[in-house]
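**Student:** Next one to model:
(chains A and B)
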Amino acid sequence: DAGITQSPRYKITETGRQVTLMCHQTWSHSYMFWYRQDLGHGLRLIYYSAAADITDKGEVPDGYVVSRSKTENFPLTLESATRSQTSVYFCASSNSGGDTGELFFGEGSRLTVL
Amino acid sequence: RKEVEQDPGPFNVPEGATVAFNCTYSNSASQSFFWYRQDCRKEPKLLMSVYSSGNEDGRFTAQLNRASQYISLLIRDSKLSDSATYLCVVNGDNAGNMLTFGGGTRLMVKP
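**Tutor:** All right, here's what the predicted structure looks like:
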């Protein structure tokens, strides 16, 4: 009964370090998403993937890299973390794209960049 | 102008009250509309979809006004457990027609 899991749940890092946030889903959903949530901005889409080996930029992709070699995994990498990337990151999955609505979110990864 | 705008609140209401939230969206071509609920420090979860004809789910009623480009959520007989942030969600004109989230409206129901 795992659903969608994110790791780590909490991470503190320093400016310039590389950080990878992991996301794993057990439903075989075709779509996966990464959002960041900040006060005053709400949830903003970073990257999404419609299927394995297919990824696309969202609203705020700069400074992030994603990959999707397997349907169930969708890691998000901050290649050189900056303070402005301090945020709560949510991974989500869906059987469809944006149209039909239900995204299933992980519990979030809280990242602090010092 | 933001694609999806909401009054951040907080709306402080007593138990049993009726409360309504509005949300405006900028993309007239949007076709799909939803309300999500997010509890403090938790992930968002789908509350209900919003259909053109309006729809009801228990104490919750959602309405869509395409002409004025807004959607609303009405909560009747508020419960303490309704305290949360309510996110308006619309499919947008971004790449891939992905969902765009509003900033959320915070509701606090008091005894």
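**Student:** going forward, measure contacts between C-alpha atoms and count neighbours the same way
**Tutor:** Will do.
**Student:** For the residue nearest to B:Lys42 when sequence neighbours are not counted, what is the enclosing helix or strand?
**Tutor:** Nearest residue to B:Lys42 in three dimensions, chain neighbours excluded: A:Glu107, at 6.2 Å (C-alpha to C-alpha, 6 or more residues apart in numbering or on different chains). Here A:Glu107 is covered by no helix or strand, with elements defined by DSSP states H and E.
**Student:** A:Glu107: how many residues sit nearby?
**Tutor:** If you count neighbours by other C-alpha atoms under 10 Å in any protein chain shown, A:Glu107 ends up with 20.
**Student:** so it makes contact with B:Cys40?
**Tutor:** No: judged on C-alpha atoms under 8 Å, A:Glu107 makes no contact with B:Cys40 at a distance of 11.6 Å.
**Student:** pLDDT value on the residue nearest to B:Lys42, please?
**Tutor:** At A:Glu107, the pLDDT value in this model is 96.
**Student:** Tell me the spacing between it and B:Ser83.
**Tutor:** Distance of A:Glu107 to B:Ser83, given as C-alpha to C-alpha, to the nearest Å: 19 Å.
**Student:** looking at it, A:Pro83 is touching A:Thr13, isn't it?
**Tutor:** Careful, residue A:83 is Arg; it's not Pro. No: using C-alpha under 8 Å, A:Arg83 is not in contact with A:Thr13; the gap is 9.6 Å.
**Student:** any common contacting residues for the two?
**Tutor:** Counting by C-alpha atoms under 8 Å, 6 or more residues apart in numbering or on different chains, the residues touching both A:Arg83 and A:Thr13 are A:112-114.
**Student:** Now do the lengthiest strand in chain A: which elements does it pack against?
**Tutor:** Determined from DSSP state E, the single longest strand within chain A is strand A:42-51. Here strand A:42-51 touches strand A:31-38, strand A:54-57, strand B:99-101, going by 3 or more C-alpha pairs under 8 Å, 6 or more residues apart in numbering or on different chains; DSSP states H and E.
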